[in-house]
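Asks: 3D model of this:
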Amino acid sequence: MKKKNLTAIIAGGGIGGLATGAALAQHGWTVTVYERQPELRAIGSGIYIWENGLRVLEALGAYDEAVKGAFHGRFFEQRDNKGQIIESAPIPPDKRLITVQRSQLLAALRDACLRAGVTIVTKTEVVGATARGELLLAGGQTVRADLCVGVDGIWSRVRQTLGLELLHEQTVEGALRTTIVGKPGDIPAADAGKYIENWDGERRFLITPMNANEIYLALTCPHTDKAASNTNVDKALWIGSFPQWKHLIERIGTHDISWGVYSTTKTKTWSVGHAAIVGDAAHAQPPNLGQGGGMAMQNGLALAVALDAIAGARDIPAALEAWEQKERPLVEHCQKWSQLYGEVTFLPDDVRTMTVRGAMSNPWVAAQVFKAANHIPAGTEHIPSWIERSGQAKRA
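Replies: Presented below is the predicted three-dimensional model:
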């Protein structure tokens, strides 16, 4: 049943845009998503989804498709430049951390959109927006709805043309990302079920299984490290830093390798009038806590929930303000702690080891780092916890 024939138009057919579109449609809106690419396409290889993001996928009906065959890790482990364990943190049984192909997640969200009646328009670039609920298209056309939402990434034209941007800052650190074919014995039996982050000076090597056949690799370093950041991967250089993972590094191909530095975006507000921004357009952050995608999906669903209370289009601006007031503190907390985590990259190896061990053994610090992952997003309160459902399944 449509909510008083209210309409929404969304700029961006990525993870956040599709999650927002599905959520609004499921809450009774008529929704159109505009994507500039000829087809919906995931940028990047793998993606981490913590418990908060997984609950959103469940609420949207996209969970089963998104996580089919995905890797469900039980430990997140950090190792020093000698291969010794710095910290091996178990993931609590009632919390989940899953890694999947971005393309698989995007397809699941697309299908949730289509089931909810969302119209997806490709080959249409959005170059701006107005507070009247209009999206400005590259061909000179303007489309208008009761609500327009910019989910158009770190370089968001919606954010810029609405005058909402306070800061768009890129970090010194960036990452090469790629996927390799997994083989038996790639990960020692003692390391099964682990996400492993290796450090050597200002370089990091992150190993993340995605499914039974693929492993996601992230090779991070400062952008000033020209040899290490080259997409024509210098395998000998990276093997020199991480010799214990030579067998994985040697398997890196010459295609499907991306390099990018991280961004942080901050805005005056997340909305003005009948226009709003979600995801990286509003609150990009370094990926150190694995919450970029989760935050985008979480806030898209929360937006739909916040708009449930309105009587008509005239109430949209006030509902958007209330949505931001409720959701923004957690986002800014997550941004801050993601940036803090990134700073340990630039500590000497022995100082980093002491710092990480001391910090993560402190319950207060651990609570800050995992605050977003432990959060129950708006619109998911009705979903039982993972541990409750696991117990029910065992009893059945």
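
Asks: Quick check: end-to-end length of stretch 148-166?
Replies: In stretch 148-166, first residue to last residue: 20 Å (CA to CA, to the nearest Å).

Asks: Now do it, average pLDDT.
Replies: The average of the pLDDT scores along stretch 148-166 is 97.

Asks: can you check stretch 235-250 too?
Replies: Taken as a whole, stretch 235-250 has a mean pLDDT of 97.

Asks: cool, and stretch 265-276?
Replies: Mean pLDDT, stretch 265-276: 97.

Asks: Flag every buried residue along that stretch.
Replies: Across stretch 265-276, burial judged by 16 or more other CB atoms under 10 Å covers 265-267, 269-276. For glycine as for every other residue, the C-beta is placed from the backbone atoms N, C-alpha and C.

Asks: Now for those residues: which two are most distant?
Replies: K266 and H274 (22.4 Å; CB to CB).

Asks: just the strands in the stretch 1-150 of the chain please.
Replies: Counting by DSSP state E, counting those that start in this stretch, the stretch 1-150 of the chain has strands at residues 7-11, 30-34, 46-50, 71-72, 75-79, 85-90, 97-101, 119-121, 126-130, 134-137, 142-144, 147-150.

Asks: could you say what helices and strands the shortest one packs with?
Replies: So the one you mean is strand 71-72. With contacts defined as 3 or more CB pairs under 8 Å, 6 or more residues apart in numbering; DSSP states H and E, the packing partners of strand 71-72 are strand 97-101.

Asks: neighbours around I207, how many?
Replies: 21 (other CB atoms under 10 Å).

Asks: Give me the three-state assignment for it.
Replies: Under DSSP: H, G, I helix; E, B strand; the rest coil, I207 falls in the strand class.

Asks: number of nearby residues for the nearest residue to it once chain neighbours are set aside?
Replies: Using CB to CB, 6 or more residues apart in numbering and skipping the chain neighbours, the partner closest in space to I207 is I196 (4.6 Å). Counted by other CB under 10 Å, the residues lying close to I196 total 20.

Asks: so which strand or helix has I196?
Replies: strand 194-200 (DSSP states H and E).

Asks: List the strands paired with that strand, with their directions.
Replies: strand 75-79 (parallel), strand 203-209 (antiparallel) (DSSP bridges).

Asks: Can I get the first one as CSV, trimmed to CA atoms?
Replies: Right, strand 75-79. Output of strand 75-79 as CSV, limited to C-alpha atoms (Å, rounded to 0.1, in the frame of the first residue of the first chain):
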residue,chain,number,x,y,z
PHE,A,75,38.7,-14.2,14.8
PHE,A,76,40.2,-11.0,13.6
GLU,A,77,44.0,-11.3,14.0
GLN,A,78,46.8,-8.8,13.7
ARG,A,79,50.4,-9.8,13.2
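
Asks: so how far is it from its chain's centroid?
Replies: 20 Å (CA atoms, centre = their mean, to the nearest Å).

Asks: neighbouring contacts of that strand?
Replies: For strand 75-79, contacts defined as CB atoms under 8 Å, 6 or more residues apart in numbering pick out 85-91, 97, 191, 193-199, 356.

Asks: now the angle from that strand to strand 85-90?
Replies: Calculated by axes from the mean of the first three to the mean of the last three CA atoms, to 10 degrees, strand 75-79 forms an angle of 170 degrees with strand 85-90.

Asks: Okay, buried residues for strand 75-79 please.
Replies: Across strand 75-79, burial judged by 16+ other CB under 10 Å covers 75-79.

Asks: Now do that strand against strand 46-50: the angle between them, please.
Replies: Orientation of strand 75-79 against strand 46-50 (the same axes, to 10 degrees) gives an angle of 120 degrees.

Asks: Strand 75-79 versus strand 97-101: what angle between them?
Replies: Orientation check (the same axes, to 10 degrees): strand 75-79 against strand 97-101 gives 80 degrees.

Asks: Nearest to the spatial middle of this structure, which residue is it?
Replies: By CA atoms, centre = their mean, the chain has its centre lying nearest to G293, at 1.8 Å.

Asks: what angle do the top helix by length along the chain and strand 7-11 make?
Replies: Looking only at the chain and at elements set by DSSP state H, the helix with the highest residue count is helix 316-343. Using the same axes, to 10 degrees, the direction of helix 316-343 lies 30 degrees away from that of strand 7-11.

Asks: how far out from the middle of the chain is helix 316-343?
Replies: Distance of helix 316-343 from the chain centroid (CA atoms, centre = their mean) equals 14 Å.

Asks: Need the CA coordinates for the helix or strand just after it. PDB is fine.
Replies: Toward the C-terminal end, the helix or strand that comes next after helix 316-343 (DSSP H and E) is helix 349-360. Provided in PDB are the C-alpha atoms of helix 349-360 (Å, rounded to 0.1, in the frame of the first residue of the first chain):
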ATOM      1  CA  ASP A 349      56.600  -1.500  14.600                       C
ATOM      2  CA  ASP A 350      57.400  -2.200  18.300                       C
ATOM      3  CA  VAL A 351      55.500   0.800  19.400                       C
ATOM      4  CA  ARG A 352      52.500  -0.200  17.300                       C
ATOM      5  CA  THR A 353      52.600  -3.700  18.900                       C
ATOM      6  CA  MET A 354      52.500  -2.300  22.400                       C
ATOM      7  CA  THR A 355      49.800   0.200  21.500                       C
ATOM      8  CA  VAL A 356      47.500  -2.200  19.900                       C
ATOM      9  CA  ARG A 357      47.900  -4.800  22.600                       C
ATOM     10  CA  GLY A 358      47.300  -2.400  25.300                       C
ATOM     11  CA  ALA A 359      44.400  -0.700  23.700                       C
ATOM     12  CA  MET A 360      42.400  -3.700  22.600                       C
END
